[in-house]
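Visitor: Give me a model of this one.
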Amino acid sequence: MSSSDNTVWQACILAIVAGYADAIGFLTFGAFAGAMTGNTVLLGIALAGAQYADAVQSAIIIASFLVGAAFSAVLGGKLPLAGILVIEATAIVGAALIAPHFAAPVLAFAMGLQNATMTRFSGTSLNTVFLTGNLQKMMQDFRGRFTGSPKPTRAGSTESTTIAWVWIAYLGGVAAGAFADRQLAYPLLPVVVLLPLALIRRPAFPNKRGIR
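Guide: Have a look, this model is predicted:
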């Protein structure tokens, strides 16, 4: 599942799904689907305010994300990518149809499963569900370009381009999720149709020399 043969196209599809899920999670459930840093902040705020029910909910969401990542590790050698994406899609559909109190952990489980299932794209190690580490890598490459230390490489340039596309895709997913939350009775359902596209290993953004 972590093959470097995974393409930027696949990374962008998954980032759209994650951004969409995070927007719906925050707007509908008051929690993030994939951004566990944000949920940890909410946990700390709830503890400081003695809002223990909210703290327990945040803790359950974080634990659910970790369980999803653990499931990916267990299932990765037993199921093809399509099988794992079916489990993710099922979890998202379930989150769309059940009460918000239970839906938020289920959606976090789906995002944990996704993030741990595919981690390398075009030779670059990336997260598709949260972006902080990705953006840090991109800025390190930019720093090298302007300072000459470390010396920038073609691989670094390709990695930064990939990260930029993934960030744009995630942002687009967030915008689409926010729009769907205002317009649809079950806003999580439409994003499920994107998951089959993540099975397609196609060169989404080849450069002028045809390097993927």
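Visitor: in this protein, which spans are strands?
Guide: With strands called from DSSP state E, the chain shows them at 120-121, 124-125.
Visitor: Just say which of the ones you listed is most tucked in.
Guide: With neighbours taken as mean count of other CB atoms under 10 Å, the strands of the chain reach their highest mean count in strand 120-121, at a mean of 22. Any C-beta I mention is one placed from the backbone N, CA and C, and that applies to glycine too.
Visitor: Need the residue closest to the centroid of this structure.
Guide: By CA atoms, centre = their mean, the chain has its centre lying nearest to V129, at 1.7 Å.
Visitor: ok so, going back, can you redo the strands of the chain as JSON lines with distance to I163?
Guide: Listed next are the strands of the chain as JSON lines, based on distance: least, CB to CB, whole Å:
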{"stretch": "strand 120-121", "distance to I163": "10"}
{"stretch": "strand 124-125", "distance to I163": "8"}
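Visitor: would you list the ones you listed in JSON lines and tack on mean pLDDT and distance to A55?
Guide: As requested, the strands of the chain are exported to JSON lines (pLDDT from 0 to 100; distance: least, CB to CB, whole Å):
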{"stretch": "strand 120-121", "mean pLDDT": "78", "distance to A55": "35"}
{"stretch": "strand 124-125", "mean pLDDT": "76", "distance to A55": "33"}
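Visitor: for the chain, longest helix please?
Guide: Secondary structure of the chain per DSSP state H: the longest helix is helix 154-183.
Visitor: got the buried residues for that one?
Guide: Within helix 154-183, the residues that qualify as buried by neighbour count (16 or more other CB atoms under 10 Å) are 156, 158-163, 165-167, 169-170, 173-174, 176-178, 180-181.
Visitor: Now tell me which helix or strand of this protein has the poorest mean pLDDT.
Guide: One helix or strand of the chain scores below all others by mean pLDDT, DSSP states H and E: helix 132-147, with a mean of 64.
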